[in-house]
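> got a predicted structure plus its sequence, pasted below:
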Amino acid sequence: ETPVALVRTPVLNLRAGPDVSFALLGHAIEGARLPIIGRSADSSWWRVRTSVGEAWVFGGLVEALGLLDDVAVLASAAATPAAQANKSVAPPTFTITVDGQPILLRQVQATNP
C-alpha cells in the first residue's frame, strides 16, 4: 500500500520544491491523505500527489503513515528556489465599498511552510 501524508494542520501549503522559498502551488486541508511519492534527502519534506499535481509538503505538519523505508530520495527541483518563486503570480486584490469607504481585500498566505 502506498504511504500517505495525513495533514495535521488546518491549511497546509503545497510547494514546487522542498523549501519555503519555492512557489506556492495550492493548499490541502486538515485530514487530507496525500499519497507520498518521494522525500527530501534529510526526510524533512515529502513529495506527494495532490489535486493540483505533484507537490512538496513540510514533514513537520503531516503524519507520514505506511511503509516509508522504500520511499525514494528525490533530487531538488531542476529550477532554483528563486527561479521558481519568480514564476508565481501575485494574488488578486479586490476593493469593496462599505458606508462610502473603500476597503482593499487581498488573499493572505497561510502561516505554515
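Perfect, I can see it now.
> how near is the nearest residue to residue 61 once chain neighbours are set aside to residue 67?
Excluding the flanking residues, the one nearest residue 61 by C-beta to C-beta, 6 or more residues apart in numbering is residue 9, at 4.6 Å. Any C-beta I mention is one placed from the backbone N, CA and C, and that applies to glycine too. With distances taken as C-beta to C-beta, to the nearest Å, residue 9 is found 24 Å from residue 67.
> which of those two has more neighbours?
residue 9 (18 against 9; other C-beta atoms under 10 Å).
> doesn't the more buried one belong to a strand?
No: assessed with DSSP: H, G, I helix; E, B strand; the rest coil, residue 9 is coil; it does not lie in a strand.
> does it touch residue 63 like I think?
No: counting by C-beta atoms under 8 Å, residue 9 sits too far from residue 63 to count as a contact (10.5 Å).
> which residues in the chain form strands?
Listed in chain order, the strands of the chain (DSSP state E) span 4-7, 11-15, 24-29, 33-39, 45-50, 53-58, 62-65, 93-98, 101-106.
> just the mean pLDDT for the fourth one, thanks.
Looking at strand 33-39 alone, the average pLDDT works out to 98.
> buried residues of that strand, list them for me.
Buried residues in strand 33-39, counted by 16 or more other C-beta atoms under 10 Å: 34, 35, 36, 38, 39.
> for residue 68, see how far away the fourth one is.
Spelled out, that is residue 38. Remark: distance between residue 38 and residue 68 (C-beta to C-beta) = 11 Å.
> with the third one instead?
Distance, residue 36 to residue 68, using C-beta to C-beta: 7 Å.
> what is in contact with the two at once?
Shared contacts of residue 36 and residue 68, defined by C-beta atoms under 8 Å, 6 or more residues apart in numbering, comprise residue 3.
> low-scoring stretches of this structure, by residue?
76-113 (pLDDT under 70).
> quick one: end-to-end distance for stretch 55-74.
For stretch 55-74, the separation between the terminal residues is 12 Å (C-alpha to C-alpha, to the nearest Å).
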